[in-house]
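S.K.: The amino acid sequence is not available; the structure is as follows:
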């Protein structure tokens, strides 16, 4: 099988989270950031976690990526327990994390290069994914020459070029203006449609959550818990006009209500 | 008339202001007095040349007016003629080479150790914890007070001068490089992990390239300090070099030679500074 077939027929695994807890500090100063989190993301699913800032949704992604250590429960990806970070779990961060010393193409090539993939295959993969995110013309630019939206497009291409089994996305469009965010959402849906990776996406933007997701997990804060699971049945491909449909608005109201109750609990 | 943030030619603005004094006179002043306002290249070159002309002009004025005796401040042309004389008889090059050699050896040895150790120190907390107190203690010790000790230990050969330079810049390099390694964005390292970077490869694959522009700046700045410590070492114990001829010239009241030595060190410093800027542009083009 050549590189492109590999890249376009990617692996995709499930994510199993069971009774996960995360505690910072010890004794009286201990803060319970996550408590009793359990859910299962099936292969090829687009699952979105929505919750208020500080509810621990980003920490949960870092736990799955293996970048932080959980204090309880089990996490496994593709049946393999998570113990440390690894290339099977690609991640797109909220902060811009392109390597500034590498060109766009070299950034996308980084993961395959670490794997020891031959240069010819790497070139084919880089071309394919830069085409996917519409940045083929910018292959030789440095990240500092790109806009915020373009940087995140390269970050998505870089994560996918490494052919991870799951894609973790931590508010990747949080720092973008709303027009750019809409076009990024469209782009992500299109790419996901091609790649059918398992995606776990974290956001505080309810519109974004419903627009993207097969399933939305609503999270509450202090300690972070999954409050409700909502299946989003809208047919795909979805258009941005969906946000004006009554069903969409009803679902948005339901989530808002859930998050509002959470706020009331605190007062 | 308003000025664009990046005025292309200051001269054209000055010319147009001449036509309409009432309004644009104020806006030129405003543009000049605006913090961080970009200045065009011709204007900045003109200004720097003017300052040089003023300094050298002041020198001429002081010596030719007789305000300062020539025994203390030589005339510019006598410094120049001394320089030419010593350049022609070859003694100048001998001393310049001796100094350059000491600075380069000291600087290279210090940097070869300080860069990897500093990056490791900034990356691994445990190395930092072990070395930080000692390094910060030594860093504040006056280098000059160690010169007698170095002479006692290693004599008055080139090794002594190299030791003074290493002692003067190594610990400063270490601290500054460790600081820039510590400042590497954490999510950059996290992203590298999720792309398959091994923990043991982090320093080489991520921390080193991420800090490269900073490291080159640290090297450039400490190169300047190396010249200072060179003169300290050469004033105390040396038989060649620019510091040595200054000391010898003082004994013979040859102020022109001292001036020449000082100017040469300045020019050599300027050259190495430009060299490092060039290297930075070449090996870290993304950081310009």
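M.R.: The structure has been received and is ready for your questions. All of these numbers come straight from a predicted model, not from anything done at the bench.
S.K.: name the element residue A:248 belongs to?
M.R.: If you go by DSSP states H and E, residue A:248 is part of helix A:246-266.
S.K.: Residues contacting that helix, please?
M.R.: For helix A:246-266, contacts defined as C-beta atoms under 8 Å, 6 or more residues apart in numbering or on different chains pick out A:50-52, A:206-207, A:209-210, A:216, A:218, A:220-222, A:227-228, A:230, A:232, A:234, A:242-243. For the C-beta atoms, the positions are set from N, CA and C on the backbone; glycine is no exception.
S.K.: Could you pull up the mean pLDDT of it?
M.R.: The average pLDDT within helix A:246-266 is 83.
S.K.: Now list the buried members of the contacts of helix A:246-266.
M.R.: Listed as buried from the contacts of helix A:246-266 are A:50-52, A:206-207, A:209-210, A:216, A:218, A:220-222, A:227, A:230, A:232, A:243; burial here means 16 or more other C-beta atoms under 10 Å in any protein chain shown.
S.K.: tell me, what residue is most central in the chain?
M.R.: Just so you know, I chose chain A. residue A:169 (1.7 Å; C-alpha atoms, centre = their mean).
S.K.: try chain B instead
M.R.: Taking C-alpha atoms, centre = their mean, chain B has its central residue at residue B:224, 3.3 Å away.
S.K.: rewinding a little: for the helix holding residue A:248, which positions count as buried?
M.R.: By neighbour count on 16+ other C-beta under 10 Å, the buried set for helix A:246-266 is A:248, A:251, A:254-255, A:258-259, A:262.
S.K.: just stretch A:189-200 next, same as before
M.R.: Buried residues in stretch A:189-200 (16+ other C-beta under 10 Å): A:189, A:191-192, A:195, A:197-200.
S.K.: and what of stretch B:225-239?
M.R.: B:225-227, B:229-238.
S.K.: what's downstream of the helix-or-strand element of chain A with minimal mean pLDDT, the next helix or strand?
M.R.: Counting by mean pLDDT, DSSP states H and E, the weakest-scoring helix or strand in chain A turns out to be helix A:3-8, with a mean of 51. Downstream of helix A:3-8, the next assigned helix or strand under DSSP H and E is strand A:15-24.
S.K.: Burial check on residue B:154, number of neighbours?
M.R.: 14 (other C-beta atoms under 10 Å in any protein chain shown).
S.K.: Likewise for residue B:42?
M.R.: The tally of other residues near residue B:42 (other C-beta under 10 Å) stands at 12.
S.K.: What is the three-state secondary structure of it?
M.R.: What DSSP: H, G, I helix; E, B strand; the rest coil gives for residue B:42 is helix.
S.K.: ranges for the helices of chain A?
M.R.: A:3-8, A:57-65, A:104-114, A:119-132, A:148-161, A:178-195, A:206-212, A:246-266 (DSSP state H).
S.K.: Which one, of these, ends up nearest to residue B:95?
M.R.: Proximity to residue B:95 (C-beta to C-beta) singles out helix A:104-114 among the helices of chain A, at 46.9 Å.
S.K.: Contacts (any at all) between chain B and that closest one?
M.R.: Yes: Helix A:104-114 reaches chain B (C-beta under 8 Å from any C-beta of the partner chain) through A:110-111, A:114.
S.K.: What's the separation between the nearest residue in space to residue B:165 that is not next to it in sequence and residue B:226?
M.R.: Using C-beta to C-beta, 6 or more residues apart in numbering or on different chains and skipping the chain neighbours, the partner closest in space to residue B:165 is residue B:106 (3.0 Å). Distance check for residue B:106 against residue B:226: by C-beta to C-beta, to the nearest Å, it reads 6 Å.
S.K.: Spit out the residues that contact those two alike.
M.R.: With C-beta under 8 Å, 6+ apart as the test, residue B:106 and residue B:226 both reach B:165, B:169.
S.K.: gap between residue B:132 and residue B:122?
M.R.: 10 Å.
S.K.: between the two, who's got more neighbours?
M.R.: residue B:122 (24 against 15).
S.K.: Leaving out the residues flanking it, which one is nearest to that one?
M.R.: residue B:181 is the one closest to residue B:122 (C-beta to C-beta, 6+ apart), at 2.6 Å.
S.K.: Would you check how far apart that neighbour and chain A are?
M.R.: Applying C-beta to the nearest C-beta, to the nearest Å, the value for residue B:181 to chain A is 14 Å.
S.K.: Just give me the neighbour total for that residue.
M.R.: Other residues lying near residue B:181 total 24 when counted by other C-beta under 10 Å.
S.K.: what residues are up against it?
M.R.: Going by C-beta under 8 Å, 6+ apart, residue B:181 touches B:118-123, B:207, B:211.
S.K.: for the residue nearest to the centre of chain B, what are its contacts?
M.R.: By C-beta under 8 Å, 6+ apart, the neighbours of residue B:224 are B:269, B:272-273.
S.K.: what's the helix or strand for it?
M.R.: helix B:208-236.
S.K.: got the angle between the helix or strand following that helix and helix B:208-236?
M.R.: Remark: after helix B:208-236, the chain's next helix or strand is helix B:242-251, criterion DSSP H and E. Relative orientation of helix B:242-251 with respect to helix B:208-236: 30 degrees, computed using axes from the mean of the first three to the mean of the last three C-alpha atoms, to 10 degrees.
S.K.: For helix B:242-251, which outside residues touch it?
M.R.: Contacts of helix B:242-251 (C-beta under 8 Å, 6+ apart): B:95-96, B:98-99, B:230-235, B:238, B:255-258, B:261-262, B:264-265.
S.K.: average pLDDT across stretch A:36-53?
M.R.: 93.
S.K.: Same question for stretch B:156-176.
M.R.: 93.
S.K.: List the buried residues in it.
M.R.: Neighbour counts over stretch B:156-176 (16+ other C-beta under 10 Å) mark B:158, B:160-176 as buried.
S.K.: from the middle of its chain, how far away would stretch B:73-87 be?
M.R.: Relative to its chain's centre, stretch B:73-87 lies at 25 Å (C-alpha atoms, centre = their mean, to the nearest Å).
S.K.: Please disregard the earlier target; I meant stretch A:81-98.
M.R.: For stretch A:81-98, the distance to the chain centre is 10 Å (C-alpha atoms, centre = their mean).
S.K.: What ranges in the chain fall below the confidence cut-off?
M.R.: I'll assume chain A. Scanning chain A with the threshold set as pLDDT under 70 gives A:1-10, A:262-267.
S.K.: wrong one, I was asking about chain B
M.R.: B:1-26.
S.K.: could you redo the last one with a cut-off of 80?
M.R.: B:1-32, B:237-238, B:288 (pLDDT under 80).
S.K.: got the domain boundaries for it?
M.R.: Structural domains annotated on chain B: B:10-72, B:81-287, as defined by automatic domain parsing.
S.K.: hey, which of the ones you listed is tucked in deepest?
M.R.: Mean neighbour count (mean count of other C-beta atoms under 10 Å in any protein chain shown) peaks for domain B:81-287 among those, with a mean of 18.
S.K.: The stretch 151-288 of chain B against chain A: which residues are in contact?
M.R.: By C-beta under 8 Å from any C-beta, the part of the stretch 151-288 of chain B that sits against chain A consists of B:185, B:187-188, B:190-197, B:206, B:209-210, B:212, B:284-287.
S.K.: Let's see that with 6 Å instead.
M.R.: Contact residues (C-beta under 6 Å from any C-beta of the partner chain) of the stretch 151-288 of chain B with chain A: B:187-188, B:190-191, B:193-196, B:209, B:286.
S.K.: Count the neighbours of the closest residue to residue B:255 other than its chain neighbours for me.
M.R.: If the residues on either side of it in the chain are set aside, residue B:255 comes closest to residue B:74, at 4.8 Å by C-beta to C-beta, 6+ apart. As a burial measure, residue B:74 scores 21 neighbours (other C-beta under 10 Å).
S.K.: ok, now how distant is residue B:74 from residue A:213?
M.R.: 82 Å.
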